[in-house]
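**Q** Quick one, what's the 3D model for this:
(one chain, ligands or ions: 2)
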Amino acid sequence: MTNTDQQRTMSIPSFAIGIAGGTGAGKTTVARTVADTVGEAVTRIPIDNYYEDLSHLDRAERADVNYDHPDAFEWDLLREHLESLLMGQPIEMPQYDFERHTRTDDSVRVEPTDVIVLEGILALHDDEIRELLDLRVYVMTDADVRILRRIERDVVERGRELEGVIDQYLETVKPMHERFVEPTKKDADVIIPEGANRMAVDLLVEKVQAELGGEHGDAVDTPRERARAERDELESTVSPLDPTE
Ligand SMILES: Nc1ncnc2c1ncn2[C@@H]1O[C@H](COP(=O)(O)OP(=O)(O)O)[C@@H](O)[C@H]1O
Ligand SMILES: Nc1ccn([C@@H]2O[C@H](COP(=O)(O)O)[C@@H](O)[C@H]2O)c(=O)n1
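**A** Ligands and ions are numbered 1, 2, ... in the order given. Sure thing, here's the model as predicted:
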């Protein structure tokens, strides 16, 4: 199928899902399972690929960066890419190397699809990005489970020393989680406990399949449009609570 064909037949804007949660919560596993189960209509965008390019710093300086603060990410580029994909345009997605703490020289061309899954610790942090999402998910897993998972992953897959992983966790990962990641839970439509829990993933898959089953292109009453209309209506009728009450 050519890109033009794809743009003509896919639904525009695509259905966008954001999956946030702490490190090791199971975000990637949930997103991957949904994508693998549903198939090629789903594209996964890990926000780790949008860490700022720090190739101008040397390795020791890069290792010292706080990667859990929102300032570590290139939000403008992520917004621009997400908007492009949702509007049926392909992007050149940067690639990230966790061992070297920097972007690689390569990028990957990503074609637009009906469903886009944005996944990362701060997937629900940015106001503008949150507005682009049709479904906001927060994966909630206890901190002790998450740090154990992270130690295993960072040492085995990311070439890190145990002591460094523990120091980083205590100095930046944990405080930034409490300050920036955990508060986004309140913005989620759905909270998934423990990561890739079977029932929750099945429900997500069902939801995505329902979206795909709706009319494409110029449809006027897909489940997504109904959900959006209901949310807009609710937001316009609910007045903010009076803080003095
Ligand atoms: N429900 C679960 N039960 C057991 N292990 C899980 C579960 N969900 C995820 N994991 C495991 O936890 C680890 C971290 O998951 P991952 O999806 O990489 O987390 P994140 O993307 O949030 O950092 C992986 O080894 C994954 O297989
Ligand atoms: N060079 C880097 C960049 C990021 N990290 C850590 O990755 C975590 C986010 O990825 P998850 O898959 O765990 O959600 C984040 O907590 C950063 O601390 C890093 O260690 N090094």
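**Q** secondary structure class for the closest residue to residue 121 other than its chain neighbours?
**A** Counting by Cβ to Cβ, 6 or more residues apart in numbering, residue 181 is the residue found nearest to residue 121 once chain neighbours are left out, at 5.1 Å. Using the backbone N, CA and C atoms, a C-beta is placed for each residue, glycine as well. Per DSSP: H, G, I helix; E, B strand; the rest coil, the local secondary structure of residue 181 is helix.
**Q** Might you report the residue contacts of residue 181?
**A** Contacts for residue 181 (Cβ atoms under 8 Å, 6 or more residues apart in numbering) come out as 20, 21, 22, 68, 121, 122, 125.
**Q** And the fifth one, how close does it get to residue 74?
**A** Spelled out, that is residue 121. From residue 121 over to residue 74 the distance is 15 Å, taken as Cβ to Cβ, to the nearest Å.
**Q** neighbour-wise, which of the two wins?
**A** Between residue 121 and residue 74, residue 121 has the larger neighbour count (other Cβ atoms under 10 Å), namely 25 against 18.
**Q** List phi and psi for the more buried one.
**A** Dihedral pair for residue 121: phi -50, psi -40, per degrees, to the nearest 10.
**Q** Check residue 15 too.
**A** Phi and psi for residue 15, reported as degrees, to the nearest 10, are phi -80, psi 120.
**Q** same deal with residue 65?
**A** Dihedral pair for residue 65: phi -70, psi 150, per degrees, to the nearest 10.
**Q** Provide the count of other residues in contact range of it.
**A** 17.
**Q** Which pLDDT value belongs to it?
**A** Looking at residue 65, its pLDDT reads 97.
**Q** Can you show me the strands along this protein?
**A** 15-21, 42-46, 91-97, 102-110, 115-119, 135-140, 190-193 (DSSP state E).
**Q** would JSON lines of the ones you listed with distance to residue 207, mean pLDDT and mean neighbour count be doable?
**A** Listed next are those as JSON lines, based on distance: least, Cβ to Cβ, whole Å; pLDDT from 0 to 100; neighbours: other Cβ atoms under 10 Å:
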{"stretch": "strand 15-21", "distance to residue 207": "9", "mean pLDDT": "98", "mean neighbour count": "27"}
{"stretch": "strand 42-46", "distance to residue 207": "12", "mean pLDDT": "97", "mean neighbour count": "21"}
{"stretch": "strand 91-97", "distance to residue 207": "24", "mean pLDDT": "97", "mean neighbour count": "16"}
{"stretch": "strand 102-110", "distance to residue 207": "22", "mean pLDDT": "96", "mean neighbour count": "13"}
{"stretch": "strand 115-119", "distance to residue 207": "10", "mean pLDDT": "98", "mean neighbour count": "25"}
{"stretch": "strand 135-140", "distance to residue 207": "7", "mean pLDDT": "98", "mean neighbour count": "23"}
{"stretch": "strand 190-193", "distance to residue 207": "9", "mean pLDDT": "96", "mean neighbour count": "16"}
